[in-house]
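In: pasting a predicted model and its sequence here:
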There are 2 protein chains.
Amino acid sequence: MARAAKKKANETPEKTTRIQEINRRLILDAALDVFSTYGFRGTTIDQIAEKAGMSKPNLLYYFPRKQNIYVTLLEETLAEWLAPLAEIDPEGDPIEQLRKYITLKINMSESHPEASRLFANEVLHGAPAISDFLSKHLKPLVDEKATVIRRWVGEGKLAPIDPYHLIFMIWATTQHYADFDVQVRAIMGNQVGRPGFREQTAQAVLSIILNGIRPRAV
Amino acid sequence: MARAAKKKANETPEKTTRIQEINRRLILDAALDVFSTYGFRGTTIDQIAEKAGMSKPNLLYYFPRKQNIYVTLLEETLAEWLAPLAEIDPEGDPIEQLRKYITLKINMSESHPEASRLFANEVLHGAPAISDFLSKHLKPLVDEKATVIRRWVGEGKLAPIDPYHLIFMIWATTQHYADFDVQVRAIMGNQVGRPGFREQTAQAVLSIILNGIRPRAV
DNA sequence: CTGCATTTTGACCAAGTAGTCAAGTTTTTG
DNA sequence: CAAAAACTTGACTACTTGGTCAAAATGCAG
């Protein structure tokens, strides 16, 4: 008890035990599943606890508030979700860099749709938990890359397009396949699960963004 | 009492009184606001009632279940939301038709963002209330227009692109400005509200979809 | 104006859910 | 191998919230 109090009083997290590490991971994994499907309000702690295979009080031992789980999850996810943008190389070939970025985002949308949905849901509801993150981390990063893209345009290496709208377009399009999965499935049917669907999608998206839909000279 | 029972037993809705018409409208308008912001689970009947300026039991007199309000709203909204797609004219000029469609969607995103968010939220959560609608109404319509676009491609009037992915891309991009409004604002700041922003957006989106981002011969 | 139908609401209930707690069990440590 | 720390949980509380109900107020047709 005395030690525990001391631990909380200290500024550094002291240490995490083996059990803590395992259980926090179990909880966060379960929570990602549930939150991304039902949203914050739509999710109950009991649901997460059951999925994580532990009792509710036990779960609350690790995350005293529902909100804590949610915020932790968002922070973990956002960093990962943003990483590809940071990797755009200002010195690389513009078309090649953007092609890589788009491909990466489509792959992420397919491999981690829950992360995309968690984020989409949060932003859709006004980003109450992460509006700070958006202005403090996302905006500067986007501004930086927008400058790069604008320079590329100036150098004649890209058509004269607005960098911000281009970035939004890439996000919107790639994340659409995760966020609106049900709709995509309702329309394209069983094609969606099939092997090669991701490649076909990437190809289609890249073709439009790179070349547009106007007929081109053969 | 006898009359009321008769009314419910009849197959046709008989009649709606003036008061009914007014109050149902008040409720639906209030509900659109609240549901689109907080989602189904995140919305309480009390919130809607307050916004509609009536007591909760009174609201429940018009819509006996929370779910009823939600479904009514979705049905009303969906038809309107889909209309522009139906208007694509198979006999028109392809580029002109798609340009019109995209412009219309961007305008709708700005003028009715709540409708877009309501729909986005529903689909994001697996479309429990409208999966039927998606397969029975949306899919056929999209299939029909996809056939038209495919024909246009065949006639050399469009670059060889997959019609389904093109449609998804248009949806994703245009609705992004409504659904992810907070994020767009966090990044583009006060530009967003300014007059001309919508036109600038439309111009940027059209430019990329029509011509792509590759530098073009001058 | 009168009586019936429609509309409105305060008070209430039952279910669900976030979070507490005290008492137990397991793990770690000296 | 104790004893302390860390972990676990059944039972519980407080509160929110969807929905009910009976009675009152209002609207309206004849």
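Out: Looks like it came in fine.
In: give me the next element, helix or strand, following the worst-scoring helix or strand of chain A on mean pLDDT.
Out: Of the helices and strands making up chain A, the lowest-confidence element is helix A:2-9, at a mean of 34, by mean pLDDT, DSSP states H and E. Toward the C-terminus, helix A:2-9 is succeeded by helix A:18-42 as the next helix or strand (DSSP states H and E).
In: now do that next one: everything it contacts.
Out: A:16, A:43, A:47-49, A:51-54, A:58-59, A:62-63, A:66, A:69-70, A:72-73, A:76-77, A:113-115, A:117-118, A:121-122, A:125, B:38-42, B:125-126 (Cβ atoms under 8 Å, 6 or more residues apart in numbering or on different chains). No exception for glycine: its C-beta is placed from N, CA and C like everyone else's.
In: ok, stretch A:185-197 next?
Out: A:181, A:184, B:127, B:131, B:134, B:135, B:138, B:139, B:142, B:143, B:164.
In: secondary structure element holding the last one?
Out: Assigning secondary structure by DSSP H and E places residue B:164 in helix B:163-179.
In: can I get that helix as PDB, trimmed to CA atoms?
Out: Presented in PDB, the C-alpha positions along helix B:163-179 are these (Å, rounded to 0.1, in the frame of the first residue of the first chain):
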ATOM      1  CA  PRO B 163     -16.100   2.300 -62.800                       C
ATOM      2  CA  TYR B 164     -16.700   1.100 -59.300                       C
ATOM      3  CA  HIS B 165     -13.500   2.400 -57.900                       C
ATOM      4  CA  LEU B 166     -14.100   5.700 -59.600                       C
ATOM      5  CA  ILE B 167     -17.500   6.000 -58.000                       C
ATOM      6  CA  PHE B 168     -16.100   5.100 -54.600                       C
ATOM      7  CA  MET B 169     -13.400   7.600 -55.100                       C
ATOM      8  CA  ILE B 170     -15.900  10.400 -55.800                       C
ATOM      9  CA  TRP B 171     -18.000   9.500 -52.800                       C
ATOM     10  CA  ALA B 172     -15.000   9.300 -50.500                       C
ATOM     11  CA  THR B 173     -13.500  12.500 -51.600                       C
ATOM     12  CA  THR B 174     -16.600  14.600 -51.700                       C
ATOM     13  CA  GLN B 175     -18.000  13.300 -48.400                       C
ATOM     14  CA  HIS B 176     -14.700  13.700 -46.700                       C
ATOM     15  CA  TYR B 177     -15.300  17.400 -46.400                       C
ATOM     16  CA  ALA B 178     -18.500  16.800 -44.500                       C
ATOM     17  CA  ASP B 179     -17.500  13.700 -42.500                       C
END
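In: helices or strands next to that helix in the packing?
Out: helix A:113-124, helix A:163-179, helix A:181-188, helix A:197-211, helix B:94-111, helix B:113-124, helix B:139-154, helix B:197-211 (3 or more Cβ pairs under 8 Å, 6 or more residues apart in numbering or on different chains; DSSP states H and E).
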